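Student: Take a look and give me a structure for this.
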Amino acid sequence: MNESGKRRLNLSWGAATDQGRVRTTNQDAMHTDSGLFAVADGMGGHQGGEVAANIAVRTLSSAKHDSLENFESAFVEANRVVHQTALTKPNLHGMGTTLTAIAVLGATDSRHFAIANVGDSRIYRFNGEEFEQLTLDHSYVAELVRREEITEADAAAHPYRNMLTRAIGVHSEVQVDSWRLTPKEGDRFILCSDGLTNELSDMELIKHLIQNPLASNAAKALVRAANIHGGRDNTTVVVINVNIENIETNESDEAPQINEKQSNSLIPDNKQTRLISKLFLRLKRTKGLDPSDVNNSEEI
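Tutor: Here you go, the predicted model:
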């Protein structure tokens, strides 16, 4: 790598959302434009959740997100707007939403993402060898798991698994998890509502990512798979593919290049199988997965 040069960040992305097979409305919202990627999962009655999620995403997208501090402030502002709206409209009282997002920082920080999260919508990163959940779930059962009072298997069937400990708009103030991250060549990020993660295991998420190198295809396949596995909730997925190009120092090339063009080459079937088996063994060692998980993913 030429350290004296610069790195141009090229992103391609795709997104999909569906109300699922049980719900009659879709109370998720998302944003994928202008260097900002966000997913919100609303709650609070037939209309409240949809309103809260859309207000949060709209407020976030209209605010500055050129620094980590401004990005976190945008989350705080989203909380204020949702909370004030609920106070002034009795039919929306108690509404709230999760909100998780990635922002590409400005030209001077074009090698970095800002990440922020409130609630249990998640962000994952996959680089072909490692798969990790970047965000912490702000929920009652997640707290119990972190304190080692229950297992992850217990959490999946816990009667209070949907009880959030933090949400946008429920209270006048909110605590936001936020940090800076440097994306690497080949990284793939998933932003999703819990309609995806309640239906699919980590191994199933990995399998669909490997089988669908194009971000738009991966997002659609993941939502479709969640519906095949039950579709008990709304499901929203945003997939971002990262390509980093080393360039000569040039002031005109400082800004990150952000586009929707999909240019990834397909992974041969035999390599897909090797990657899935390798990743399964690694996940099994770290998370105690059942070997049957690797064979339970529906073909899309």
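Student: Show me where the stretch 151-300 of the chain has its strands.
Tutor: Taking DSSP state E, counting those that start in this stretch, the strands of the stretch 151-300 of the chain run over residues 177-181, 188-192, 235-247, 257-258.
Student: what stretches of the chain score poorly on pLDDT?
Tutor: 1-6, 46, 107-110, 248-300 (pLDDT under 70).
Student: longest helix of it?
Tutor: Looking across the chain with DSSP state H, the single longest helix is helix 68-88.
Student: Tell me the buried residues in that helix?
Tutor: Of the residues in helix 68-88, 68, 71-83, 85-86 count as buried by neighbour count, 16 or more other C-beta atoms under 10 Å. All C-beta spots, glycine's among them, are computed from the backbone N, C-alpha and C.
Student: Same question for stretch 225-243.
Tutor: Those would be 225-227, 229, 231, 233-243, for stretch 225-243 by 16+ other C-beta under 10 Å.
Student: Could you dump the strands of the stretch 151-300 of the chain into CSV with distance to H138 added?
Tutor: Formatted as CSV, the strands of the stretch 151-300 of the chain follow (distance: least, C-beta to C-beta, whole Å):
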stretch, distance to H138
strand 177-181, 8
strand 188-192, 15
strand 235-247, 18
strand 257-258, 29
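Student: wait, which of those is closest to T151?
Tutor: Closest approach to T151 among those (C-beta to C-beta): strand 188-192, 22.4 Å.
Student: Please name every helix or strand in contact with the closest one.
Tutor: Other helices and strands packing on strand 188-192, by 3 or more C-beta pairs under 8 Å, 6 or more residues apart in numbering; DSSP states H and E, are strand 36-43, strand 99-104, strand 122-126, helix 202-211, helix 215-228, strand 235-247.
Student: In the sheet, which strands lie alongside the second one, parallel or antiparallel?
Tutor: I take that to be strand 99-104. When pairing is defined by DSSP bridges, strand 99-104 lines up against strand 36-43 (antiparallel), strand 113-118 (antiparallel).
Student: Tell me which of those approaches A153 most closely.
Tutor: strand 36-43 (22.9 Å).
Student: Now do that closest one and strand 188-192, the angle between them.
Tutor: Angle between the axes of strand 36-43 and strand 188-192 is 30 degrees (criterion: axes from the mean of the first three to the mean of the last three C-alpha atoms, to 10 degrees).
Student: Kindly format the C-alpha coordinates of strand 36-43 as CSV.
Tutor: Taking C-alpha atoms only, strand 36-43 is exported to CSV below (Å, rounded to 0.1, in the frame of the first residue of the first chain):
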residue,chain,number,x,y,z
LEU,A,36,-26.2,7.7,5.5
PHE,A,37,-27.6,4.2,6.0
ALA,A,38,-30.3,3.8,8.7
VAL,A,39,-32.9,1.2,9.9
ALA,A,40,-35.7,1.9,12.4
ASP,A,41,-38.2,-0.5,13.9
GLY,A,42,-41.2,1.3,15.3
MET,A,43,-43.4,0.3,18.2
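Student: next helix or strand past that strand?
Tutor: The helix or strand immediately downstream of strand 36-43 is helix 45-62, counting by DSSP states H and E.
Student: Please compute how far that following helix lies from its chain's middle.
Tutor: Distance, stretch centre to chain centre, for helix 45-62: 17 Å (C-alpha atoms, centre = their mean, to the nearest Å).
Student: for stretch 209-226, same thing?
Tutor: 14 Å.
Student: Then stretch 85-101?
Tutor: Using C-alpha atoms, centre = their mean, the offset of stretch 85-101 from its chain centre is 21 Å.
Student: That stretch: end-to-end distance?
Tutor: Counting by C-alpha to C-alpha, to the nearest Å, you get 22 Å between the two ends of stretch 85-101.
Student: in that stretch, what counts as buried?
Tutor: Neighbour-count burial for stretch 85-101 [16+ other C-beta under 10 Å]: 85-86, 92, 95-101.
Student: Tell me, how many residues neighbour the residue lying closest to V104 once chain neighbours are set aside?
Tutor: Leaving aside its sequence neighbours, V104 sits nearest to G35 (C-beta to C-beta, 6 or more residues apart in numbering; 3.7 Å). Residues near G35, counting by other C-beta atoms under 10 Å, number 19.
Student: Next, name the residue at the spatial heart of this protein.
Tutor: Closest residue to the average C-alpha location of the chain: L191 at 1.4 Å, with C-alpha atoms, centre = their mean.
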